[in-house]
Every structure is written in C-alpha cells, then in structure tokens.
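Chemist: predicted model and sequence follow; I will ask about them next.
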Amino acid sequence: MIIELKSISKSFISYSKFSILNNLFLKSPESKKITALSNVNLEIKHGEVWGIIGRNGAGKSTLLQIVCGTLTPSSGSISVNGKIGALLELGAGFHPDFTGIENIYLSGSIMGLTKKETDKYLDQIIDFADIHDFINLPVRTYSTGMSMRLAFAIATTTSPDILIIDEALSVGDQEFSQKSFNKIMSLKDRGTTILFCSHSMYQIEALCDKVIWLESGRIKEQGIPQEVSLNYQEDQLSKVSNSNDIGINLNSSNQSFGQPSIKSIVVSKNGSKSDKHVVLKSRKDTLSLKVIFLDPNNTNPSIAFSIRRITGEMVASCGSFNDRIKSKKDGDGQLFFSVDYPEIPLLKGNFRMDVSLFCSKGLHTHDYANQFLNITVIQSDLEQGICHINHKWN
C-alpha cells in the first residue's frame, strides 16, 4: 500500500476569547472539543485515484492534511510511501517575502527534494506557471491567480508519487484550468497515485477508481464512484427542503478568478415561478428555466441542462453549444440563457435537473449546480416508460 490509515481520529480544542483570558489569568479555561475525524481506515494502492466527497465540514480537508503530514492525528497510525505533491490551501507553504524562485526551492525542500533535484525542475515549473516576468519578485506581490499557478506547477512538475488536491481542479482562468486538468490526466496515465476532494460528481466519476464519502468525520461509504456518488447525491437530495428560492452551491473561487459563474436560476411552470420541487403533468405542463450568470472577462460561455432519474441515470440533455445558441441580456443588463420544455414528455416518476456552465466550446466546466431542481411527473393514462415518443397509428 502506498497510503495506509489505521483508526485515524483528529480532534481540536476550541476556546472562546473569554476562555483564553480565563486560562491566562484565572486558570479555569472553558473549552469545546471538536472531532474532525473519527476512526478512519483507508488503504490506497499505487496508481489508484481516490476521490473524497462530503458536505462542507465533513472532514475532507483535515484528512488530506493528515496524509500530507501538515496535521498530525490525535490517535491512530498512518503510513505514506512516496513523495507527495500537494495542493491544499492556496499559498500554503509559501513565504510571502521570498521571491518566486526562493519559494520553489523552499517548497522543494519541504517535499524532500535536494537542491540539485529542484534545479532540474526549475525551468519546467516557471514555464508551466507562466510567471517569467515575476519570478524574481516577492510572492506577496503576486495576484491570487499567479500564486495558484506557481503552487500547481510545483506540486505537479516535480514528478510526485502521490498527488493530493483539495478542490483545485477548476480554479484559475480558462486556459490554465484546461492546462492543469490535462496535467493531472497525464500524471494519472503515468501511474501517479491521486487523492482529491471535489463537489463535482462529474469529476469524481470521470477520474476516480474509488471514492469515500465522509460525513461528520466518519467514512459513511466507500467503493465504486458511480455507486457512492449516487448514494451521496440521493442523501443530499433528501435533505433539501422546499423554498421559493433555488439553492445553488456557487463556486465563489470562480468569481475571484474571473471565470464565468452562475448567479441565479429561475424556474417557472406554465409561466408562473416555482420552487425547488415542481410537479408536472406529463405532456401538458411547460417547464421553463432561466440561468443568470456572470462573465467578467467576456469569454462567451455555453450552458447545458440535464434531466436525470432520481437514481442518477441520464434521461435527456440539451446544450447551447450543440444547438448553436448564444446568451442574451435582460432588461437589467444581466447575461442569461433560457430554455423551455413545452408539454414536457416525461412519464410518471421522480427526476432531477443539473446545469453546467461550460467554456465557449462546451468542453471545460466553469461552474455547475447539481440537483438544483426536483421534478415529480404525474399522468392520467397508462403509458409506461421514461418518456413519451411521438407516434402515429396507421
């Protein structure tokens, strides 16, 4: 095993500011124990790609930091056999007053590289990060995007045995995002062991050999990506309560890096606004969707909607790139895509909808909102199947 965790637990002690003062002067601190991980067991073989999924606060980042060695477990044992390249917190491991080159050597030494080994990778790192004009300036003068590119280049160019990524597969501008994704795929093809967490079920299913689902610091399920991600999505769907607003987990980092991002979604049934759960009459009701989005750098993104059964199977999809449709502006100057499903042909059953905002060519994902809508279809006849296909009896 290249990575092996046995009964790993991690707890933190939280103090209020008043408790800290009590501790200093009165020697009677009030504290609260927070358990981030509890009895986690994991065995990862060389060359495997593992995804970690779970809600915010489930313990995903804590687990990755323990594997990296930046956190020590409160109990249990861990064995890691190989050189690690890690993309954790943005800028982690960088000294703000050191230049780009100095931070490359600093990061190399943290990874266990000798100066001679780092010398060998130096030009490749600078070329990949594409910060030639700034490499001799202090990192504190770098933009967030430049720091991210340098961190990614160091982690992936130095031929790591293990690559650890914490929510970093879709950051940066469009060109670098595609470049970084291609780099990760090449490392995967070369047999690099990869461990990453993501909220994108598409990335999880496309990249991973196995997945673990963390909930409240414990492994709730592990196994085949399609099965685990489906169970996770169904679990999250069951916890969604109806409201008049469509809930979206916005990727705020996209906005900070200037990528297109979803701002809001308006759902309508027969011209009247609906909520997260809409009941439709088969072949009678019309479903309308309007997605308002931000595009700071005028990259002209495309969009795609998918309808899935509650168990995850794709039923139908439509995409603006495929249909050669461009976005429009509403009366308030907001960019949007809108689509109607007239007299929706779905037959009785429960469905869900996902939406993804892609690059102009419909390839790279900028932003997404999975399970933003639950659909219950009812019908008055006995026709069976998933959807109605127009037909004519002779």
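Modeler: Cool, the structure landed.
Chemist: how many other residues sit next to the nearest residue to residue 328 once chain neighbours are set aside?
Modeler: With C-beta to C-beta, 6 or more residues apart in numbering as the criterion, residue 328 has its nearest non-adjacent residue at 6.1 Å, and that residue is residue 336. Bear in mind the C-beta positions are built from the backbone N, C-alpha and C, glycine included. In terms of burial, residue 336 registers 18 neighbours under the definition other C-beta atoms under 10 Å.
Chemist: may I see the buried residues of the helix or strand hosting residue 336?
Modeler: Per DSSP states H and E: residue 336 is located in strand 335-341. Under the neighbour-count criterion of 16 or more other C-beta atoms under 10 Å, strand 335-341 has 335, 336, 337, 338, 339, 341 buried.
Chemist: show me which pair in these is furthest apart.
Modeler: Using C-beta to C-beta, the buried residues of strand 335-341 span at most 21.5 Å, a distance reached by 335 and 341.
Chemist: where does the prediction get shaky in this protein?
Modeler: Counting by pLDDT under 70, the low-confidence segments of the chain come to 15-31, 89-92, 168-174, 230, 234, 237-258.
Chemist: domains for it, by residue range?
Modeler: As assigned by automatic domain parsing, the chain contains the domains 3-236, 244-378.
Chemist: centre of the chain to stretch 42-54, how far?
Modeler: With C-alpha atoms, centre = their mean, to the nearest Å as the basis, stretch 42-54 stands 16 Å off its chain's centre.
Chemist: ok, residues contacting that stretch?
Modeler: With contacts defined as C-beta atoms under 8 Å, 6 or more residues apart in numbering, stretch 42-54 is touched by 1-5, 8, 60, 63-64, 82, 161, 188, 191-199, 201, 203-204, 207-215, 219-220, 222, 225, 228-229, 232.
Chemist: one more time with 7 Å, if that's ok
Modeler: 1-5, 60, 63, 188, 191, 193-198, 204, 207-215, 225, 229, 232 (C-beta atoms under 7 Å, 6 or more residues apart in numbering).
Chemist: mind listing what's buried in that stretch?
Modeler: Applying a neighbour-count criterion of 16+ other C-beta under 10 Å, one finds 42, 44, 48, 49, 50, 51, 52, 53, 54 buried in stretch 42-54.
Chemist: what of stretch 368-387?
Modeler: Residues of stretch 368-387 classed as buried by neighbour count (16+ other C-beta under 10 Å): 368, 369, 370, 371, 372, 373, 374, 375, 377, 379, 386, 387.
Chemist: do stretch 313-326 as well
Modeler: Residues of stretch 313-326 classed as buried under the neighbour-count rule (16+ other C-beta under 10 Å) are 319, 320, 321.
Chemist: need those in TSV (columns: distance to residue 307 and secondary structure).
Modeler: Formatted as TSV, the entries for the buried residues of stretch 313-326 read as follows, by distance: C-beta to C-beta, whole Å; DSSP: H, G, I helix; E, B strand; the rest coil:
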residue	distance to residue 307	secondary structure
319	13	strand
320	16	helix
321	18	helix
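Chemist: for the residues you listed, which one is nearest residue 181?
Modeler: For those, the residue nearest residue 181 by C-beta to C-beta is residue 321; the value is 18.1 Å.
Chemist: residues in contact with the closest residue to the closest one other than its chain neighbours?
Modeler: Excluding the flanking residues, the one nearest residue 321 by C-beta to C-beta, 6+ apart is residue 362, at 3.3 Å. Residues touching residue 362, when contacts are defined by C-beta under 7 Å, 6+ apart, comprise 302, 319, 321, 322.
Chemist: give me the three-state assignment for residue 362.
Modeler: Of the three states, residue 362 takes coil under DSSP: H, G, I helix; E, B strand; the rest coil.
Chemist: ok, now residue 103?
Modeler: Residue 103 - assigned by three-state DSSP - is helix.
Chemist: neighbours of the closest residue to it other than its chain neighbours, how many?
Modeler: Counting by C-beta to C-beta, 6+ apart, the nearest residue to residue 103 once its immediate chain neighbours are dropped is residue 94, at 4.9 Å. When neighbours are counted by other C-beta under 10 Å, residue 94 registers 21.
Chemist: from what I see, residue 82 and residue 162 are in contact.
Modeler: Yes: Residue 82 is within contact range of residue 162, at 4.9 Å (criterion: C-beta atoms under 7 Å).
Chemist: show me which of those two is the more surrounded one.
Modeler: residue 162 (21 against 13).
Chemist: next up, phi/psi of the more buried one, please.
Modeler: Phi and psi for residue 162, reported as degrees, to the nearest 10, are phi -130, psi 130.
Chemist: can you pull the contacts of it?
Modeler: Going by C-beta under 7 Å, 6+ apart, residue 162 touches 2, 3, 82, 84, 193, 195.
Chemist: tell me what it is bridged to.
Modeler: Beta-bridge partners of residue 162, counted by DSSP bridges, are residue 84, residue 193.
Chemist: distance check, it against residue 137.
Modeler: Distance of residue 162 to residue 137, computed by C-beta to C-beta, to the nearest Å: 31 Å.
Chemist: how close does residue 194 sit to residue 285?
Modeler: In this structure, residue 194 and residue 285 are 44 Å apart, going by C-beta to C-beta.
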